[in-house]
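Q: what's the 3D shape of this:
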Amino acid sequence: MVCVALCCLCVAALAATDPLKFSMELSQNKFTTTQSITVSITVSNTGEEDLPGPVTLYYPNGQPVEEFGSPTLAAGASQSWSGNWDVTQKQLEAGKITFKVKYSMYNLSLIHISEPTRP
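A: Modelled structure (predicted):
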């Protein structure tokens with residue numbers, strides 16, 4: 001069984017003040033063999049201020065999801081993407097698939113990493 005994670009890398013001081021919320025839907029949630037799945041991800045700025053820089057979504061192989069673009073999310077705005085991903089043997093063995101979202105909140109040198117998981 002594979003657990004799917006959406007990992008966010010952001011420049012932030014505290015996770016509690018993180019204005020971005022993520023949702024992810026999959027064509028199926030459990031995998032026992034390599035296969036193609038459909039993934040839908042929405043990134044929303046629930047904060048009261050616009051983000052100072054772009055939001056970038058990355059595939060599990062580290063490549064940017066070009067169709068997502070690099071939007072700068074205004075307060076209350078959302079950006080969505082839906083596409084296919086081929087689950088690999090390595091991901092099955094690791095027990096997870098991780099899409100990443102990278103964005104800036106402040107001009108600080110701290111990096112906050114969170115991994116919301118989906119069983």
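Q: C-alpha from now on. contacts and neighbour counts both.
A: Will do.
Q: Show me what the helix or strand hosting Thr98 is packed against.
A: Using DSSP states H and E, Thr98 falls within strand 96-104. Applying 3 or more C-alpha pairs under 8 Å, 6 or more residues apart in numbering; DSSP states H and E, we find strand 96-104 packed against strand 3-11, strand 56-58.
Q: Compare the ones you listed and say which comes out lowest on pLDDT.
A: Among the helices and strands packed on strand 96-104, strand 3-11 has the lowest mean pLDDT, at a mean of 49.
Q: What lies in contact with the helix or strand following it?
A: Note on strand 3-11: by DSSP H and E, the next helix or strand toward the C-terminus is strand 20-26. Contacts with strand 20-26, where a contact means C-alpha atoms under 8 Å, 6 or more residues apart in numbering, come from Leu6, Ile37, Thr38, Val39, Ser40, Ile41, Thr42, Val43, Ser44, Asn45, Thr46, Gly47.
Q: Okay, now the sheet partners of strand 20-26, with direction.
A: strand 35-45 (antiparallel) (DSSP bridges).
Q: Now do the partner strand against strand 96-104, angle only.
A: Orientation note: strand 35-45 sits at an angle of 30 degrees relative to strand 96-104 (axes from the mean of the first three to the mean of the last three C-alpha atoms, to 10 degrees).
Q: Go through strand 35-45 and flag the buried ones.
A: If you call a residue buried by 16 or more other C-alpha atoms under 10 Å, then strand 35-45 has these buried ones: Val39, Ile41, Val43, Ser44, Asn45.
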